[in-house]
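# model this:
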Amino acid sequence: MTKVNFIHIPKNAGTSIEEYCNNSQKLSYNGHDAKISSLDNQMIIIRDPYSRFCSAVKYAIENYSNSEKIRKIINAGLKTPSQWAEVWGDKSHKYHNLIIDEVTNHEHKIDSVKIPLKWTYTPQHYWINENKLKYVVPFDDMETYLVHRFGGKVPNNNVSTNRRRYKLSKRAKDFLKKMYKKDFEFIEKYSNFQVSTWYLDSNVCDY
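Numbering: from 1, shown residues only. Take a look at the predicted model:
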């Protein structure tokens, strides 16, 4: 039986799915730098871009608050995803370069190609090769979808104990809608996969 190649898009529950793949004879795990140009029978988890960005910011603040880059951002009073998005989208803002310095990539690659942004901020479409893509799994319905399709039990790894809801301002949403335009278009195209549209209609990010 030909295995399905799971492509781990950062902030899309990939840590849980890695363990799930390791316990499955039907799935093969491929990390962030996956060879998406050549792997056949690919599967991805697609997530609402607003929620994914909130998760990326939260991850940076919670896990790298001692780093110089994140410490400068926090000391500047930028502690929410909405603030990050607003400043990122405003080139004239005095702290714009702090956010640019954080999101800019220096070493990450996808399919051996260096990308402009760090993995966690890179649009999901960079990992999408529709010519090789077989399964599109909605993030919100991930466990139900995978268990129904492949069986077993999906682990609940890497879940934060500090769950919060952050309200995204209109300016933040407008910037993120442009920044992740192709991701939103992909979700719309594959709406028959029952990808939740709750975040698309709301100002709130819950992660």
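# helices or strands up against whichever strand or helix holds K58?
Per DSSP states H and E: K58 is located in helix 49-63. On a contact count with 3 or more CB pairs under 8 Å, 6 or more residues apart in numbering; DSSP states H and E, helix 49-63 meets helix 68-75, helix 81-88, helix 170-179, strand 204-206. For every residue, glycine as well, the C-beta is placed using N, CA and C.
# what residues of the first one count as buried?
Pointing back at helix 68-75 there. Burial within helix 68-75, assessed by neighbour count using 16 or more other CB atoms under 10 Å, is assigned to I70, I73.
# direction-wise, compare it with helix 49-63 and give the angle.
Between the axes of helix 68-75 and helix 49-63, defined by axes from the mean of the first three to the mean of the last three CA atoms, to 10 degrees, the angle is 100 degrees.
# helix 81-88 and helix 68-75, what's the angle between them?
Angle of helix 68-75 versus helix 81-88, following the same axes, to 10 degrees, is 110 degrees.
# centre of the chain to helix 68-75, how far?
In terms of CA atoms, centre = their mean, to the nearest Å, the gap separating the centre of helix 68-75 from the centre of its chain is 22 Å.
# same question, the longest one
Relative to its parent chain, helix 170-179 has a centroid offset of 16 Å by CA atoms, centre = their mean.
# and the next helix or strand past that helix?
Toward the C-terminus, helix 170-179 is succeeded by helix 181-189 as the next helix or strand (DSSP H and E).
# for this protein, give me the ranges with low pLDDT.
1, 157-165, 192-207 (pLDDT under 70).
# if you set the cut-off to 80 instead, what comes out?
Screening the chain residue by residue with the criterion pLDDT under 80, one finds the ranges 1, 14, 156-166, 190-207.
# dump the helices and strands packed on helix 49-63 into a markdown table; add distance to E107 as well.
Putting the helices and strands packed on helix 49-63 into a markdown table (distance: least, CB to CB, whole Å) gives the following:
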| stretch | distance to E107 |
| --- | --- |
| helix 68-75 | 14 |
| helix 81-88 | 20 |
| helix 170-179 | 21 |
| strand 204-206 | 28 |
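# what comes up buried for stretch 105-116?
Buried residues in stretch 105-116, counting neighbours by 16+ other CB under 10 Å, are found at H108, I110, I115.
# just to revisit the earlier point, could you check the angle the helix holding K58 makes with helix 181-189?
Here helix 49-63 runs at 130 degrees with respect to helix 181-189, directions being taken by the same axes, to 10 degrees.
# kindly calculate the angle that helix 49-63 makes with helix 170-179.
Using the same axes, to 10 degrees, the direction of helix 49-63 lies 110 degrees away from that of helix 170-179.
# can I get helix 49-63 as CSV, trimmed to CA atoms?
Extracted as CSV, the C-alpha positions of helix 49-63 are listed here (Å, rounded to 0.1, in the frame of the first residue of the first chain):
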residue,chain,number,x,y,z
PRO,A,49,-4.6,32.3,8.7
TYR,A,50,-5.8,34.6,11.4
SER,A,51,-5.7,31.8,14.0
ARG,A,52,-2.4,30.5,12.7
PHE,A,53,-0.8,34.0,13.0
CYS,A,54,-2.1,34.4,16.5
SER,A,55,-0.6,31.0,17.4
ALA,A,56,2.8,32.0,15.9
VAL,A,57,3.0,35.2,17.9
LYS,A,58,2.0,33.4,21.1
TYR,A,59,4.6,30.7,20.4
ALA,A,60,7.3,33.3,20.0
ILE,A,61,6.4,35.2,23.1
GLU,A,62,6.0,32.1,25.3
ASN,A,63,9.1,30.2,24.1
